[in-house]
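[1] take a look and give me a structure for this.
(one chain, ligands or ions: 1)
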Amino acid sequence: MQIFKYKDYEEMSKAAAAFVIREMIKKPDLILGLATGDTPIRLYQNLIKAYQDYIISFKEVKTFNLDEYVGIDANNPQSYHYFMDNHLFKHIDILPENINIPANDPDDMEKSAEEYNKKMFGNQRDLQILGIGKNGHIGFNEPGTQLGNMTFIVKLDEETRIDNSRFFGSLEEVPTHAITMGIKNIMYSKKILLLASGKSKAKAIYKTAYGPVNDITPSSILQLHPDVTIIVDEDAASLLNMEGNFLEF
Ligand code: PGA
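    Residues are numbered from 1 along each chain as shown. I've put the predicted structure just below:
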């Protein structure tokens, strides 16, 4: 595990973009795992800029998103389908058939999960981008998750619903369930890039780096992955024992 610390959100987003761009240049048909949330928004803006500047193309790239809420339509501005379109896909040259996001058909969620696992089979991600919840969730793998899970339907943690209610009118409107890649799917990616910004993430980052590996902090399992890079700003790194801007375990 390597941890790189940057001054603030702007700087860490630039570094994260440089990391992703390097992978895309090395392998133009990259299979890329994507995350939603506030944290990767500036990274996506930097990737759009690199595309507009002809530095990268998404023509051969395939993407797989981590998760989606259950029971809200893809056209709903709160859905992750909408988020991805708005923050990345509609601005780049990705082919629609290369975009993969778990389907959120509330009538047959088990089938949606099974189909998503099938799609990922034979499409091992080269790089998975992750955010992290205050409670250490990655994707929607909440504390207490089964570490051997593939894509599954999860009941959201109350803390997660409260955190995410800022995007909705009220807490009641936040879905109670989501479909998410399981820890097993995440760990199967060749490389992982985790991003965190802000003081509210400092505890989760501390536990990710130093904590015991257990289901209480799902991100701690990343200690067992052979190729994880964590890019954080000073606030998110504030509990780490760092003399310089780099830590390696
Ligand atoms: P955030 O969410 O980027 O909006 O903080 C991250 C997450 O919950 O995984």
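
[2] nearest to the ligand: which residue in the protein?
    G37 (2.7 Å; CB to the nearest ligand atom). Backbone N, C-alpha and C define where each C-beta goes, glycine included.

[3] can you tell me the closest non-neighbouring residue to that residue?
    G131 (4.4 Å; CB to CB, 6 or more residues apart in numbering).

[4] contacting residues around that neighbour?
    A35, T36, G37, D38, T39, P40, I138, L194, L195, A196 (CB atoms under 8 Å, 6 or more residues apart in numbering).

[5] which ChimeraX command selects the buried ones in the residues you listed?
    This is the ChimeraX syntax for the buried subset of the contacts of G131, where burial follows 16 or more other CB atoms under 10 Å:
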select :35,36,37,39,40,138,194,195,196
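
[6] sort out for me which of the contacts of G131 are in strands.
    L194, L195, A196 (DSSP state E).

[7] in CSV: these, plus distance to S165 and pLDDT.
    As requested, the ones in strands among the contacts of G131 are exported to CSV (distance: CB to CB, whole Å; pLDDT from 0 to 100):
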residue, distance to S165, pLDDT
L194, 24, 98
L195, 22, 98
A196, 20, 98
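
[8] if we only consider these, which is nearest to M12?
    Nearest to M12, judged by CB to CB, of the ones in strands among the contacts of G131 is L195 at 6.8 Å.

[9] show me what contacts the closest residue to that closest one other than its chain neighbours?
    The shortest distance from L195 to any non-neighbouring residue, by CB to CB, 6+ apart, is to T39 (5.0 Å). Residues in contact with T39 (CB under 8 Å, 6+ apart) are G131, I132, L195, A196, S197.

[10] 10 Å - rerun?
    Neighbour list for T39: 9, 12-13, 16, 129-132, 194-198, 201, 231, 233, 236 [criterion: CB atoms under 10 Å, 6 or more residues apart in numbering].

[11] paired strands for the helix or strand containing V232, with orientation please.
    Here V232, judged by DSSP states H and E, is contained in strand 228-233. Next to strand 228-233 in the sheet, as set by DSSP bridges, lie strand 2-6 (parallel), strand 191-196 (parallel).

[12] hey, which of the ones you listed is tucked in deepest?
    Across these, averaging neighbours per residue (mean count of other CB atoms under 10 Å) puts strand 191-196 on top, at a mean of 23.

[13] ok now it, how far from the chain's centre?
    8 Å (CA atoms, centre = their mean, to the nearest Å).

[14] enumerate the residues of the protein near the ligand.
    Residues of the chain lying close to the ligand (CB under 6 Å from any ligand atom) are G37, D38, T39, G131, I132, G133.

[15] I figured E234 hits A196, correct?
    No: the pair E234 / A196 is not scored as a contact, 11.2 Å apart, by CB atoms under 10 Å.
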